[in-house]
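1. have a look at this fold, sequence not included:
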């Protein structure tokens, strides 16, 4: 009997089938973790209810990343199932051309699809692990990070805003994004119903996030500000001006000043931020939609706020995940050189 191999499907799925290995080179693969991803012997006892649940096992962003990574591997000339030698060659060909983190993520995607299909996983072999260790040692593992938008720079940006509908939206988005330490994906998925006004400020409900794919949700308190730039007041002004009573909280505005019904995209938040930085005289290079979250965490660490309280706002699952922001914020706090020179 020939070996089980992955085959393409008319739907965007991957399944297992007994076939001739010589056909692999011409086949295209896609991925989605549902019933067709698994070997036939594992599917026979599944109920319709279980099959339905499998459709939801991957977050859309994870599925898109897997698709993109596998497409890159195949366009390079890789086939599935892959051999350890092929994965090593793929890693070597891209070393120095792509970020170490990008290569590692793509190898992890190759590993994932083999695991899901119940096939021998080449990425678990020692030769592939050793190749990845060599990649990290030779090319380093430092990742490019978004520059944090620090509190003082944020205030400069806010001072440059006026009172148009677009200005009011951007003021509310920037202040809320910073005060909550939100990811851009969390900001653009907020809806009017997620904002509750209370005496102390606002309660913002994040229904789903990068680290909460199962939708347990969390509630974040946004207190009244102590300066002229108050996040609570900015959101209230935006809601009053936009007349939004349901649906997405932050939306595109046409050049004629009309409010769209759809939400802003994550990329739009990055563009918006860089435009506002440039208009206020700050060079926008290195900033992105993540700069609000990074700026909050770094500014809070610089102000001496405990990591426990910072994590309560940002949703980081551990101090280790927060450490890079804390280190950045404490670079000049108690600096030994400052005591000597």
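-> Structure received. Being a predicted model, the structure only gives us computed values, none of them experimental. Residues are numbered from 1 along each chain as shown.
2. how's the chain carved up into domains?
-> 4-139, 151-329 (automatic domain parsing).
3. which of those has the lowest average pLDDT?
-> Ranked by mean pLDDT, the domains of the chain end with domain 4-139 at the bottom, a mean of 76.
4. how near is residue 269 to residue 115?
-> 34 Å (CB to CB, to the nearest Å). Any C-beta I mention is one placed from the backbone N, CA and C, and that applies to glycine too.
5. okay, now residue 83: neighbour count?
-> 14 (other CB atoms under 10 Å).
6. correct me, but it touches residue 122?
-> Yes - Residue 83 is within contact range of residue 122, at 5.7 Å (criterion: CB atoms under 8 Å).
7. who's more crowded, residue 269 and residue 115?
-> Neighbour comparison, residue 269 and residue 115: the larger count goes to residue 269, with 26 against 14 (by other CB under 10 Å).
8. can you tell me the SS state at the more buried one?
-> Judged by DSSP: H, G, I helix; E, B strand; the rest coil, the three-state class of residue 269 is helix.
9. dump the residue contacts of it.
-> Applying CB atoms under 8 Å, 6 or more residues apart in numbering to residue 269 gives the contacts 173, 177, 184, 187-188, 289.
10. 10 Å instead?
-> 170, 173-174, 177, 182-185, 187-188, 250, 288-292 (CB atoms under 10 Å, 6 or more residues apart in numbering).
11. which of these lies closest to residue 256?
-> Using CB to CB, residue 170 is the member of these that lies nearest residue 256, at 17.3 Å.
12. which residues in the stretch 201-341 of the chain form helices?
-> 231-242, 266-279, 291-302, 307-314, 319-329 (DSSP state H, counting those that start in this stretch).
13. now the shortest one against helix 291-302, angle please.
-> Same thing as helix 307-314. 160 degrees (axes from the mean of the first three to the mean of the last three CA atoms, to 10 degrees).
14. give me the contact list for helix 307-314.
-> 179-183, 211, 218, 220-222, 293-294, 296-301, 305-306, 316-319, 321-323, 325-326, 329.
15. same thing but at 7 Å, please
-> For helix 307-314, contacts defined as CB atoms under 7 Å, 6 or more residues apart in numbering pick out 180-181, 220, 293, 297, 300-301, 319, 322, 326.
16. identify whichever of the helices of the stretch 201-341 of the chain lies nearest to residue 52.
-> helix 266-279 (29.0 Å).
17. hang on, the earlier thing: what would the contacts of helix 307-314 look like in JSON lines with neighbour count and distance to residue 163?
-> Below are these laid out as JSON lines (neighbours: other CB atoms under 10 Å; distance: CB to CB, whole Å):
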{"residue": "180", "neighbour count": "24", "distance to residue 163": "23"}
{"residue": "181", "neighbour count": "24", "distance to residue 163": "27"}
{"residue": "220", "neighbour count": "20", "distance to residue 163": "27"}
{"residue": "293", "neighbour count": "26", "distance to residue 163": "27"}
{"residue": "297", "neighbour count": "25", "distance to residue 163": "30"}
{"residue": "300", "neighbour count": "22", "distance to residue 163": "29"}
{"residue": "301", "neighbour count": "22", "distance to residue 163": "33"}
{"residue": "319", "neighbour count": "12", "distance to residue 163": "41"}
{"residue": "322", "neighbour count": "19", "distance to residue 163": "36"}
{"residue": "326", "neighbour count": "17", "distance to residue 163": "37"}
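18. using JSON lines, lay out these together with distance to residue 91.
-> Converted to JSON lines, the contacts of helix 307-314 look like this (distance: CB to CB, whole Å):
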{"residue": "180", "distance to residue 91": "39"}
{"residue": "181", "distance to residue 91": "35"}
{"residue": "220", "distance to residue 91": "40"}
{"residue": "293", "distance to residue 91": "31"}
{"residue": "297", "distance to residue 91": "33"}
{"residue": "300", "distance to residue 91": "38"}
{"residue": "301", "distance to residue 91": "36"}
{"residue": "319", "distance to residue 91": "32"}
{"residue": "322", "distance to residue 91": "30"}
{"residue": "326", "distance to residue 91": "32"}
